[in-house]
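# got a structure for you, letters missing:
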């Protein structure tokens, strides 16, 4: 990594240097260690500690202990998709400022991936003496799926300020390998929907005995014993199962260890000061159930830290992102084994798998917190916070639960990916030495961006200067921890999803469980792994490929079938303590372009369906008139929405986010025009996928412009 790259990117503010932060940080020992745990696709509906969990909530004693020893924030909003929430969390800024508007995919330009010029949380904490690590799924860059659209490749996460990264750039586990790694299956063979060979009684090509091979060629013969499933046992050990065969002296050629298999394989990128390396899916070190793998990396990193320097660990679990597979039974002691009679493409079975994945997640969080000495087990085996650890822990879901496994009273069609309550109402718990009167629930509005403010403040950073606060949407949270009578800080909350800046619009995918068509996934495999039906190239309709959801609906109507709902291209929402306003921009299939519409609800946090935005009939705008009180709230919220959308000034030629067009921009443009072949970067102002002379001209045309 060049000196210029370190200056331009790791400083994070577009040209500032260490000279701008000459004040010595406070003594290290006074500062707490910080752990941020992000659960993937986990809304409040999954957890009994937030008043939900369904008819049979998953057993989550570790998360319950966090709630009992900390503060539950029962009115927390995220963004509707993972990339938007994580970019907002680590920048403290809403999507209109970052251009990270939805889940990042391979067609998205660097302009819609988290910028290295952001004053990121690890950068701010680094100035206060912290060392930072990120483990697991982060998904604020797309360098893994399309290196052409990200200049830094495997160094992308370190360019954001993290000192260490061990994880993945992709948005979730890859599709389940329905061949279970076997190349010798008959073309008409029934798929192994959970990615392993079931028992003979459960599947036409199942087996009760066979050979379990490791990538090295080592082999062990396994036989069913009671309810054990040899194919599943082999998968958990990182192997491939050759059904009804004995171990051979050489590895059979028809076993393919290079195939991704959802939660049981991973291509891990490790990036640190000494350089980066990739561990491929055939590497034994990565062939472990992901939640365990992520925990192992986290524990190793924590235990390698010095007691003399404060640290922040961000742990982004893949759980419980689709596609779900049975976990190792030992990780889900209440749900138990789900290895027999389970189909991972069956809705009812998937709901059981969600509970099991949540229990496994809870079990592994416990292991990490015990290994870090943040918690200790008392004589009864219960967890107690260890004040001597001087560690603050935050647990949050990155967005609402995925539709097929969302729990009542939330609706599948208004869950993850939407700005309805089911898509953005997430669990948030903070525990640590700063908490007074633990076990409380705070009902004041909180946004996921606010964790940026909390962690930065706990680390000793001062965010009060006007030139800093003006750039942030994050609001203070620390008083909620120290004061049970703290007054609400926010009088409004915001969330949104939109289209990222991209080279093309992906082809249509229909989420079959909710019959919603969207254009987000650029590949057929990704659509299918999300439980969708692909209508693009080589899609569900033989010989036909559709360019838009409108084209899909035209085809269906012509075939005498009902059209699908189409996901709004842009969704924005803002709320106050009683009312919620939604702004939707939806494709107009008749006239072309987008049609804007609004919805307006009275909501609360009681958990009652009447307090949600579940039904069209609850939309106050469907009634003849609004009451004067409702109209006042509507007008105020609409003005607030417009203010947030317009919060970041337009600044042509400013690639480093300092809001001044000057020689530094020319220097930075020069660097990016040479890096990665001059392809997509934050200096590609005309969005053609190139950082070239046309972009330099935009800087030169605006030299001297100040956008404050």
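All right, it came through fine. The structure displayed is predicted, hence computed values, not measured ones. Residues are numbered from 1 along each chain as shown.
# sheet partners, orientation included, of the helix or strand where residue 242 lies?
Here residue 242, judged by DSSP states H and E, is contained in strand 240-243. When pairs are called by DSSP bridges, strand 240-243 turns out to pair with strand 209-213 (antiparallel).
# what's the first helix or strand after the partner strand?
On the C-terminal side of strand 209-213, the closest following helix or strand by DSSP H and E is strand 219-223.
# so which bits of that following strand are buried?
The neighbour-count check on strand 219-223 (16 or more other CB atoms under 10 Å) flags 219, 222 as buried. Using the backbone N, CA and C atoms, a C-beta is placed for each residue, glycine as well.
# for it, packing partners?
With contacts taken as 3 or more CB pairs under 8 Å, 6 or more residues apart in numbering; DSSP states H and E, strand 219-223 sits against strand 209-213, helix 230-236.
# by mean pLDDT, point me to the weakest helix or strand of this structure.
helix 3-5 (a mean of 41; mean pLDDT, DSSP states H and E).
# below-threshold pLDDT in the stretch 501-650 of the chain: ranges please.
When residues are selected by pLDDT under 70, none of them lie in the stretch 501-650 of the chain.
# so what does residue 66 look like in phi/psi?
Listed backbone geometry of residue 66 is phi -60, psi -40, with angles given as degrees, to the nearest 10.
# show me what contacts the residue lying closest to it once chain neighbours are set aside?
Taking CB to CB, 6 or more residues apart in numbering as the measure, residue 66 lies nearest to residue 429, with 4.6 Å between them; neighbours along the chain are not counted. Contacts of residue 429 were listed using CB atoms under 8 Å, 6 or more residues apart in numbering, and they are 49, 63, 66, 67, 70, 71, 72, 73, 393, 394, 395, 396.
# and the helix or strand residue 429 falls within, which strands flank it?
Assessed by DSSP H and E, residue 429 sits inside strand 428-431. Using DSSP bridges, strand 428-431 pairs in its sheet with strand 70-73 (antiparallel), strand 391-397 (antiparallel).
# now that strand, how far from the centre of its chain.
In this view, strand 428-431 has its centroid 18 Å away from the chain centroid, taken as CA atoms, centre = their mean, to the nearest Å.
# stretch 150-167 now?
Centre-to-centre, stretch 150-167 and its host chain are 16 Å apart (CA atoms, centre = their mean).
# first-to-last residue distance for that stretch?
Using CA to CA, to the nearest Å, the end-to-end distance of stretch 150-167 comes out at 17 Å.
# that older thread, tell me the first helix or strand C-terminal of the least confident helix or strand of the chain.
Using DSSP H and E, the helix or strand that follows helix 3-5 towards the C-terminus is strand 33-39.
# sheet-wise, list the partners of that next one with their directions.
strand 311-316 (parallel), strand 391-397 (parallel).
# nearest to residue 664, out of those strands?
Put simply, out of those the one that sits nearest residue 664 is strand 311-316, at 28.5 Å, with distance taken as CB to CB.
# quick one: residue 365 is in a helix?
Yes: going by DSSP: H, G, I helix; E, B strand; the rest coil, the assignment for residue 365 places it inside a helix.
# picking up where we left off before, TSV please, covering the strands paired with strand 428-431 and showing distance to residue 456 and mean neighbour count.
Output for the strands paired with strand 428-431, formatted as TSV (distance: least, CB to CB, whole Å; neighbours: other CB atoms under 10 Å):
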stretch	distance to residue 456	mean neighbour count
strand 70-73	17	25
strand 391-397	12	25
